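Visitor: Okay, here's the prediction I keep looking at, along with the sequence it came from:
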Number of protein chains: 2
Amino acid sequence: MGTGPGVLLGPGDDAALVAAPDSRVLASTDVLVEGRHFRRDWASGTEIGRRAAAANLADIAAMGGYPTALLVALCCPPDLDVAWAEELADGLAAEAALAGAAVVGGDISASPVLTIAVTALGDLRGAKPVLRGGARPGDVVAVAGRLGYAGAGLTILSRGFRSPKLLVDAYRHPEVHYAAGPQANQLGATAMLDISDGLLADLGHIATASGVAIDVQRAALDVPAAMVDAAKALGVDPYSWVLAGGDDHALAATFPPYADLTDDWHVIGRVSHGGGVTVDGRRYIGQKGWDHFR
Amino acid sequence: MGTGPGVLLGPGDDAALVAAPDSRVLASTDVLVEGRHFRRDWASGTEIGRRAAAANLADIAAMGGYPTALLVALCCPPDLDVAWAEELADGLAAEAALAGAAVVGGDISASPVLTIAVTALGDLRGAKPVLRGGARPGDVVAVAGRLGYAGAGLTILSRGFRSPKLLVDAYRHPEVHYAAGPQANQLGATAMLDISDGLLADLGHIATASGVAIDVQRAALDVPAAMVDAAKALGVDPYSWVLAGGDDHALAATFPPYADLTDDWHVIGRVSHGGGVTVDGRRYIGQKGWDHFR
């Protein structure tokens, strides 16, 4: 904790001091509340720490930036196991390190409800930030990272199961492609965000902010065999996970049609004039299926 | 909310973008939990917002820096009055503006316990940060701001009273001398912090970090008539507020003996070889009085 290439002063004084080489700093805050965003019987302290860090670090990557630092405010019930809190700190530090950042500060208070508020800082290295409002008709829509894995894992855990491991582990500790964010910036991404509410809901944020329509091609979406099997066993449409599941923190971006995308980015759709988000031209309305009249 | 001289991109995207002119950014986080750090029947939403902001902004000033931005994570009980939450946001924004900063981002979640986690960012404008460990024998100790007022207000409220207003209001919304922080930096302050645990406890942090002894002159401490009267009425030693009360967020700093201090700074003691903190050469041990044997 507290060391890293951009950490000029770590924890212990009134404030930390972090390098901001391009004279601007990206900053984002997310809060996780026990029972609402995580359960201690569904994931270890380390995994919850990694998830809390990932949710914030992904926001920095989704601006096209490089994470530099995390600050953590932790509210603990008085009976919280010290070893669990140390695991949490380890998970936060490990995920920060994966993204090139460090935990530089924090605060701890007692509280009846275990709550983890994380702030991430980041640097753009001289580049412009990639906002949500820049998508243009003709752009392609691409995703870096997994879709629906964490959502499937959450459904599996909430039904009392613990497998398949691929999906349950995806919920427990998302694998965020941090480097794909600044890479997209270099590739000319016109809009970007990280998927935390679900693919269609978040693409809806881009469509609204940009004043465009987005159509997703269902055939371009990867549905792994484990997800098909789990969906069948649980009586769920697997597309409800892929299209509406959050928590994987995949990055979604729009690029000019001529952009030469890297292997990290997988094209799943297209931007056109209009508004709203469709899948193969139809509106998806969740577990109920498809709305043919829009 | 979201506008200010250094705010390049305010709320609404994945992250905010804040100017960091000197290529470094100060960052500090504090969390306030209802029932522990504040009570809604003791202060308005606006006042609690101002206190939450002040606690963080003072940390930036105490490094010798200029606050630039706040990020706020708010956890609300489902039945929280919307008007109260708006008051809170107004208070946060108003206090940020007083310090030259703006609220640039945040997150909201439902929670059984009202919790406010605030992160403050700041800029040093090319100066070095003022740490806790730089005090040297021969330095003077000075304070900018009020001592014990908020602590007295808290005692008064906790005993069920609502006056004197001077002290109760000091608890409800501290008046922090933000400008005195960077000013101290320019005046050559060797160590600085903001007083949140109480004067003696926080001077103890400087003494420990710097490896020095600090003696406070009791005659230099201001005890206003309202505090003397309240202390008498409540059967309290007023020095328990002045020496051990927190929450005023006064700044305490050490300066070389030749420093030409401004009116904001009031000399209250001296640094010497040794360790620990004394008052007129004696150790203060709280409500019990003075320890003559140390």
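Guide: Done, it's in. Numbers count the residues shown, from 1 in each chain, chains lettered A, B, ... in the order given.
Visitor: quick one: which helix or strand includes residue A:21?
Guide: Under the criterion DSSP states H and E, no helix or strand holds residue A:21.
Visitor: Touching, it and residue A:123? I think so.
Guide: Yes - the pair formed by residue A:21 and residue A:123 meets the contact definition of C-beta atoms under 8 Å, at 5.7 Å. In short, each C-beta sits where N, CA and C put it, glycine included.
Visitor: Please point out which parts of stretch A:61-70 sit buried.
Guide: A:61, A:62, A:63, A:64, A:65, A:66, A:67, A:68, A:69, A:70 (16 or more other C-beta atoms under 10 Å in any protein chain shown).
Visitor: just stretch A:77-97 next, same as before
Guide: A:80, A:84, A:85, A:87, A:88, A:89, A:90, A:91, A:92, A:93, A:95, A:96.
Visitor: so the second one makes contact with residue A:43?
Guide: No - in terms of C-beta under 8 Å, residue A:84 does not count as a neighbour of residue A:43; the distance is 11.2 Å.
Visitor: for the residue most central in space within chain A, phi and psi?
Guide: By C-alpha atoms, centre = their mean, chain A has its centre lying nearest to residue A:249, at 2.0 Å. The phi/psi pair for residue A:249 (degrees, to the nearest 10) reads phi 50, psi 40.
Visitor: go on, residue A:159?
Guide: phi -90, psi 0.
Visitor: how far does the host helix or strand of residue A:50 sit from the chain's center?
Guide: Counting by DSSP H and E, the element that carries residue A:50 is helix A:45-61. In terms of C-alpha atoms, centre = their mean, to the nearest Å, the centre of helix A:45-61 is set 8 Å apart from its chain centre.
Visitor: Helices along the stretch 151-294 of chain A, start to end?
Guide: A:165-172, A:180-186, A:199-210, A:225-234, A:238-244 (DSSP state H, counting those that start in this stretch).
Visitor: Which strands or helices does the second one pack on?
Guide: It refers to helix A:180-186. Counting by 3 or more C-beta pairs under 8 Å, 6 or more residues apart in numbering or on different chains; DSSP states H and E, the packing neighbours recorded for helix A:180-186 are helix A:45-61, strand A:140-144, strand A:191-194, strand A:251-255.
Visitor: Within the sheet, what are the partner strands of the last one, with directions?
Guide: Using DSSP bridges, the strands paired with strand A:251-255 are strand A:140-144 (antiparallel), strand A:191-194 (antiparallel).
Visitor: Quick one: mean pLDDT over it.
Guide: The pLDDT scores in strand A:251-255 average 98.
Visitor: Contacts for that strand, please.
Guide: With contacts defined as C-beta atoms under 8 Å, 6 or more residues apart in numbering or on different chains, strand A:251-255 is touched by A:58, A:61-62, A:130, A:134-136, A:139-145, A:176-177, A:180-181, A:184, A:187-195, A:199, A:202-203, A:206, A:210, A:214, A:261, A:265, A:271.
Visitor: Point out where the stretch 151-294 of chain A drops to low pLDDT.
Guide: Applying pLDDT under 70 to the stretch 151-294 of chain A flags the ranges A:287-294.
Visitor: Now with 80, please.
Guide: Counting by pLDDT under 80, the ranges of the stretch 151-294 of chain A that qualify are A:285-294.
Visitor: Which residues of it lie near chain B?
Guide: A:192, A:193, A:194 (C-beta under 8 Å from any C-beta of the partner chain).
Visitor: among the strands paired with strand A:251-255, which is the most enclosed?
Guide: strand A:191-194 (a mean of 28; mean count of other C-beta atoms under 10 Å in any protein chain shown).
Visitor: residues making contact with that one?
Guide: Applying C-beta under 8 Å, 6+ apart, the set of residues contacting strand A:191-194 is A:58-59, A:61-64, A:130-135, A:139, A:176, A:181, A:184-185, A:202, A:205-206, A:209-210, A:249-254, B:13-14.
Visitor: cutoff 7 Å now
Guide: A:58-59, A:61-62, A:64, A:130-135, A:181, A:184, A:202, A:205-206, A:210, A:249, A:251-254, B:14 (C-beta atoms under 7 Å, 6 or more residues apart in numbering or on different chains).
Visitor: For chain B, give me its nearest residue in the stretch 101-250 of chain A.
Guide: residue A:117 (3.6 Å; C-beta to the nearest C-beta).
Visitor: for that residue, which residues make a bridge with it?
Guide: residue A:31, residue A:73.
Visitor: Partner strands of the helix or strand where residue A:109 lies and their direction?
Guide: Applying DSSP H and E as the criterion places residue A:109 in strand A:102-110. Strand A:102-110 sits in its sheet next to strand A:66-76 (parallel), going by DSSP bridges.
Visitor: After the partner strand, which helix or strand is next?
Guide: helix A:82-98.
Visitor: chain center to that next one, what's the gap?
Guide: Using C-alpha atoms, centre = their mean, the offset of helix A:82-98 from its chain centre is 18 Å.
Visitor: what's next to it, contact-wise?
Guide: Taking C-beta under 7 Å, 6+ apart as the rule, helix A:82-98 contacts A:1, A:44-50, A:52-54, A:57, A:70, A:72, A:76, A:102-103.
Visitor: what comes into contact with the helix holding residue A:50?
Guide: A:26, A:28, A:30, A:32, A:38, A:67, A:70, A:84, A:87-92, A:94-96, A:99, A:101, A:116, A:118-120, A:122, A:172-174, A:176, A:178, A:181, A:194, A:196, A:249, A:251, B:14-15.
Visitor: ok, 6 Å please
Guide: By C-beta atoms under 6 Å, 6 or more residues apart in numbering or on different chains, the residues outside helix A:45-61 that reach it are A:26, A:28, A:30, A:32, A:38, A:67, A:70, A:84, A:87-88, A:90-92, A:95-96, A:99, A:116, A:118, A:120, A:122, A:172-174, A:176, A:178, A:181, A:194, A:249, B:14-15.
Visitor: what sits up against stretch A:9-21?
Guide: By C-beta under 6 Å, 6+ apart, stretch A:9-21 touches A:2, A:6, A:8, A:68-69, A:104-105, A:121, A:123, B:20, B:23-28, B:59-60, B:62-63, B:129, B:131-132, B:193.
Visitor: The same query, at a cut-off of 7 Å, please.
Guide: With C-beta under 7 Å, 6+ apart, stretch A:9-21 has contacts from A:1-3, A:6-8, A:68-69, A:104-106, A:121, A:123, A:125, B:20, B:23-28, B:59-60, B:62-63, B:122, B:129, B:131-132, B:193-194.
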